[in-house]
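In: model the structure of this input:
(2 chains)
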Amino acid sequence: MSTSGQSSNEAWGSRIGLILAMAGNAVGLGNFLRFPGQAAANGGGSFMIPYFIAFLLLGIPLMWIEWGIGRNGGRYRKGHIPGMFAAIWKHPAAKYLGVVGLVIPLVVLIYYTLLESWTLAFTWFSLTGDYWQQRTPEAMQAYLSSYQAIGDSSIHAVWKPFVFFFITLFLNIYILSKGISGGIEKLAKIGMPILFLFAVILAVSVFLIPTGTNGVTAVEGLQFIYQPDFSRLGSATVWLAAAGQIFFTLSVGMGTLQTYASYLSTKDDIVLSGIATAATNETAEVVLGGSIAIPAAVAFFGVSGAMAVAQSGSFNIGFVTMPLVFQQMPAGQILGAMWFGLLFFAGITSSVAMATPIVAFFREEFGFRRETVSWCIGGIALLFGLLTIFWFQYNFLWEWDFWAGTFGLALMAFIEVILFMWVFKPENAWRALHQGADVRIPSIFKFIMTFITPLYLGIILLYWLYQDAIPILMLRKSPTGGEVPAGTEIYVHMSRLIIVAFIVVFLVLIRIAWKRNGYDDRTEFPVVEDTPAGIPVDARVAEA
Amino acid sequence: MTTGALLFMLISWAFVLGLMFWAFGKILHKQRHFDPDGIGPAAPPEPGKFDDQGRRIR
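Out: Numbers count the residues shown, from 1 in each chain, chains lettered A, B, ... in the order given. This is a model prediction of the structure:
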């Protein structure tokens, strides 16, 4: 695989490594926790119709657009969103729009590392049988709450969440500091096969559960997920839920796929690799994600019990229901460790990607070493991560999850679709995507990417704005649903203030970077001479 | 399991698995680089040509 002419650690070592890293970025906790609940709650089998339509009209096009923006930015050695946006839109505002591609991954990295540390902690608790005495959903919920809430040391010592958070953050930053091929690619090559292996073992174990006292097996769980309810197809909520699931599962709108793709040259394929990445993620989600948690819950708690589980939220499925299931299975401690280990690998292959756009920004524009930037990001993540632990019970984390991890992603995706397909122009985008391509994209997708994808995204964005963003902003609704708990307002304002502070700091840094490096907003960045592609700027569009 | 649920499950699985195997099949088949890591020559070396006495034809 060609490189961008930088040191060997700053390039992909192999195409399979790149695809595994991209897929690792996409496969996250949502594949195993969110998907089965969404499918079961939104019409079962008939949910798969809007789900796959969203995959074709939103998922695949966004995947190609992000790879295209990233690879195009890489030609000017811009691995960060402000530079990529400036490369496709010759306007002073372009670089500032790119601030979303620095703030979102930083904020998500901070709280996602905490969620990931829960999976590491529960891997340990499974191996040691720590929760083996918690035999009811209420007891298991209390066990989880005691771990999450610092003030509640009834079951867990106060230091536990801090220790697992430090370990998780250290692993993330250490891998990040080792570079693209030396750290991220190695992690993907090890972590992804382990993830799939654990998922297959767990799925097989679930379906080997004998018929219990309730008279149902795990196969009934598949029935529960896939039983079609066509009456739900007329509901806009179902279509939006399907589009939202596709959007989150592919990790688009984060800025990370673009940074990964910026290490490719115009001789490298991005069309087929994009499909392979999306398909790997979908296999992990539909085939494996749908075959573990809900079928296991149905086998042990019956259909009505599983229904309650599905409606209780993703984290309850993973951290309350599954531990109860493992306690009743042979070799439950090992299977429990595999389940949480699987979630940990799904999490770390995603979180390690989140800091890469920020690393690229400081390396390319300020000349800092990767190691220096990585450990500085680690310091910032530690500082603000501690706030997410201390103030967890005040919805501090969920406020970030909504603004950065939900609404911010859709906003970023919408901006990049408009820039790539409308400002850069469909013809240029089409040619840029096909440089070095192994397969041609069917022409219909040019129309889809130009008109349907932005329209689809715009509708989702407006719906979320009306349904969630405005009520949450006005404190009429909590990000977790329901009323804003009394006494939490100050923490909500603090969380928003920190996001605003990050935006301001990055805007200033972008301005300093552009002034310092003498970039002219109205002209092209100089193309990097030693790129393997070596294509002159003017010939960029002509070359295909 | 009802026929409808089974049908939806099989179609969903077939779609994602088919897409994945098709993509990876093409990637492995269309591997334009000689070495597995893709950092070697753009085309594999061709086998040498020899005359009847086993001498290499240049």
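In: helix or strand: which one has A:Asp521?
Out: Using DSSP states H and E, A:Asp521 sits in no helix or strand.
In: what's the local residue count around it?
Out: Neighbourhood size, A:Asp521 [other C-beta atoms under 10 Å in any protein chain shown]: 13. C-beta coordinates here come from the backbone N, C-alpha and C atoms, glycine included.
In: just the one 5 residues further on next, same as before
Out: Here the neighbour count serves as a burial measure; for A:Pro526 (other C-beta under 10 Å) it reads 10.
In: pLDDT wise, what is the closest residue to A:Leu387 other than its chain neighbours at?
Out: Distances taken as C-beta to C-beta, 6 or more residues apart in numbering or on different chains place A:Phe396 nearest to A:Leu387, at 6.5 Å, with adjacent residues excluded. pLDDT for A:Phe396: 92.
In: equivalent analysis for A:Arg540, please.
Out: Looking at A:Arg540, its pLDDT is 37.
In: distance check, the residue of the stretch 51-200 of chain A found nearest chain B against A:Val286.
Out: Chain B sits closest to A:Phe52 of the stretch 51-200 of chain A, with a gap of 6.5 Å, by C-beta to the nearest C-beta. Distance, A:Phe52 to A:Val286, by C-beta to C-beta, to the nearest Å: 9 Å.
In: likewise for A:Ile270?
Out: Using C-beta to C-beta, we find A:Ile270 at a distance of 24 Å from A:Val286.
In: surely B:Ile27 meets A:Val271?
Out: No. Using C-beta atoms under 8 Å, B:Ile27 is not in contact with A:Val271, being 11.0 Å away.
In: point out where the chain drops to low pLDDT.
Out: Reading this off chain A. A:1-9, A:212-213, A:527-544 (pLDDT under 70).
In: think we crossed wires, I meant chain B
Out: Along chain B, the parts satisfying pLDDT under 70 run over B:30-49, B:56-58.
In: and the contacts of stretch A:401-415?
Out: For stretch A:401-415, the surrounding residues in contact (C-beta atoms under 8 Å, 6 or more residues apart in numbering or on different chains) are A:62, A:81, A:85, A:97, A:100-101, A:103-104, A:107-108, A:111-112, A:247-248, A:252-255, A:454, A:457-458, A:460-461, A:464-465, A:468-469, A:472, A:479, A:495-496, A:499.
In: whoops, stretch A:180-194 was the one
Out: Residues outside stretch A:180-194 that contact it (C-beta under 8 Å, 6+ apart) are A:8-14, A:16-18, A:20-21, A:23-24, A:27, A:174-178, A:260, A:263, A:341, A:345, A:348-349, A:352-353, A:356.
In: for A:Leu56, list the residues it contacts.
Out: By C-beta under 8 Å, 6+ apart, A:Leu56 lies in contact with A:Ile448.
In: with A:Phe122 instead?
Out: Contact analysis of A:Phe122 by C-beta under 8 Å, 6+ apart lists A:131, A:319, A:323, A:336, A:340.
In: can you tell me how far it is from A:Val200?
Out: To A:Val200, A:Phe122 is 20 Å away according to C-beta to C-beta.
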